[in-house]
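# Model the structure of this input:
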Amino acid sequence: MAISKIIVFFIFVSSLFVSSSSQNCSNYTFRDNKTYAACETLPVLNSFLHWNYYESNHSVDIAYRHTSLTASNWAAWSLNPSGGAMIGAQCLVAFRNTSGLMSAYTSPITSYRTRLEEGPLSFEVPRVAAEFDGDQITIYATIKLPNGTTAFTHVWQHGVLFGDTPGMHPSGDNLNSIGIVDFASGITLDNNARPTTTVAARLSRKNRMKFVHGVLNVVSWGILVPIGAMLARYLRIFEIANPMWFYLHVACQLSGYVVGVAGWATGIKLGSESPGIVHTTHRNIGITIFALATLQVLSLKFRPKPNHKYRSYWNYYHKSIGYSVIVLSAVNIFQGFDILDSEKKWKKAYIGVIIFLGAVCVVLEAITQFIVFKRKEQSADNPKVANGINELDNV
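Modelled structure (predicted):
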């Protein structure tokens, strides 16, 4: 008898939770009596997503509800076709402005410093509207989904307004407001769940490509190319290293170029598969590095002989382009770390590599200058030694 009472009690309690969840999602009544075939109570931030998917034109009508807000809050819901979190998110933003009217618009996120400025998304949004009722902001939109899939990473957020400008969102649960939604199947998963096979495969492939892109570019432009420059500057001063330093220099630089082109190509591929994500600075620096490095490789064909009257001009060109590539590469590698939002240990590891190479350069530069100074002392009566002093100018 006691056991039956306990069972009845748990059934009663369970029914309360089911009723509450149902009322929050599937039984919710919208003002215009609009109905949605699918809905989900999102795991954090008191939010709910309703939608109708139309297979005929690969579009979806969504209603995103965010509760427990005030008139001084903004709310946003987004899809991220790239599979990432914040960067690349294609947002629908809504808030009540200082005139008392609702503002609803689209905003693509390309930087962590975004203020959710209005702008076009990577896919078509024929309709976006919003309402504020009580403590709830509801965003309505029609979205023409990107071709090829119905499953996407989605992110939802809220924050405080400063006038009519959205401010930064809080931490806590706001850092966990990410999940997977498949509009066709109706499946949604939070950030800690195992994605569907299709989504998992897509995200895994893209993450692998990002990793490969980063490794190739760090190894090539960030390590091989600087080492190649060091070989040319510091080995040729030693007679025993001639002409081996030249072949080592060329081998290192050509290897760096080949690996770097592979890294550049993976970046181009990532860009083509990530509509709406444009890292302008990173992309432009990458294109510049590729162009300068290609000119550097091609210039070997036109390298004058050491005693040619134009050799000094070629040397100046060669060094200027080479050092420019090294500096730009270091800048762009750190840009890449910020874009990938990778663990701090990778950035620290590369900083360690730079410090190590810099320390080696300081030591070798001191040795080189000492050797040059000694040779200058002996050069007055020995023209052959004097010619050796100029080795640093003949790459």
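# distance of G286 from S220?
12 Å (CB to CB, to the nearest Å). For the C-beta atoms, the positions are set from N, CA and C on the backbone; glycine is no exception.
# Ok, A63 next?
Per CB to CB, A63 is found 48 Å from S220.
# what's the helix or strand for the closest residue in space to H279 that isn't next to it in sequence?
Leaving aside its sequence neighbours, H279 sits nearest to I339 (CB to CB, 6 or more residues apart in numbering; 5.5 Å). Using DSSP states H and E, I339 falls within helix 311-340.
# same question, W74
With DSSP H and E as the test, W74 turns up in strand 73-80.
# related to what we said a few turns ago, settle it for me: which of A63 and S220 has more neighbours?
S220 (23 against 20; other CB atoms under 10 Å).
# Pretty sure the more buried one sits against C252.
No. Judged on CB atoms under 8 Å, S220 makes no contact with C252 at a distance of 10.4 Å.
# Just the buried residues of stretch 222-239, please?
For stretch 222-239, the neighbour count (16 or more other CB atoms under 10 Å) marks 222-237 as buried.
# how much space between L49 and W245?
63 Å.
# of those two, who's got more company?
The neighbour count for L49 versus W245, taken as other CB under 10 Å, is higher for L49 (23 against 20).
# Give me the local confidence score for I367.
Here the pLDDT value assigned to I367 is 88.
# what's the answer for the one 10 residues further on, then?
Model confidence at E377, expressed as pLDDT, equals 74.
# how close does it get to G263?
Counting by CB to CB, the gap from E377 to G263 is 46 Å.
# higher neighbour count, those two?
Ranked by neighbour count (other CB under 10 Å), E377 and G263 place G263 first, with 22 against 8.
# Output the below-cut-off pLDDT ranges for the protein.
1-24, 26, 185-207, 273-278, 340-343, 380-395 (pLDDT under 70).
# Point to the residue nearest the middle of it.
I339 (3.0 Å; CA atoms, centre = their mean).
# ok so, going back, from the buried residues of stretch 222-239, which single one is nearest R303?
For those, the closest approach to R303 (CB to CB) belongs to A232, at 12.7 Å.
# Ramachandran angles for the closest one?
phi -70, psi -40 (degrees, to the nearest 10).
# can I assume it is in contact with W245?
Yes. If you go by CB under 8 Å, A232 and W245 touch, sitting 6.6 Å apart.
# Now do the buried residues in the longest strand along the chain.
Identified as the longest strand of the chain according to DSSP state E is strand 151-162. For strand 151-162, the neighbour count (16+ other CB under 10 Å) marks A151, F152, T153, H154, V155, W156, Q157, H158, G159, L161 as buried.
# Kindly export that strand (C-alpha atoms) in CSV.
What follows is strand 151-162, C-alpha atoms only, in CSV (Å, rounded to 0.1, in the frame of the first residue of the first chain):
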residue,chain,number,x,y,z
ALA,A,151,21.3,20.7,-39.4
PHE,A,152,23.1,23.7,-38.0
THR,A,153,24.8,25.0,-34.9
HIS,A,154,22.6,27.6,-33.2
VAL,A,155,23.4,30.1,-30.6
TRP,A,156,21.1,32.3,-28.4
GLN,A,157,21.9,35.2,-26.2
HIS,A,158,20.8,38.2,-24.3
GLY,A,159,22.5,41.3,-22.8
VAL,A,160,22.0,44.8,-21.5
LEU,A,161,21.2,47.8,-23.8
PHE,A,162,23.2,51.0,-23.7
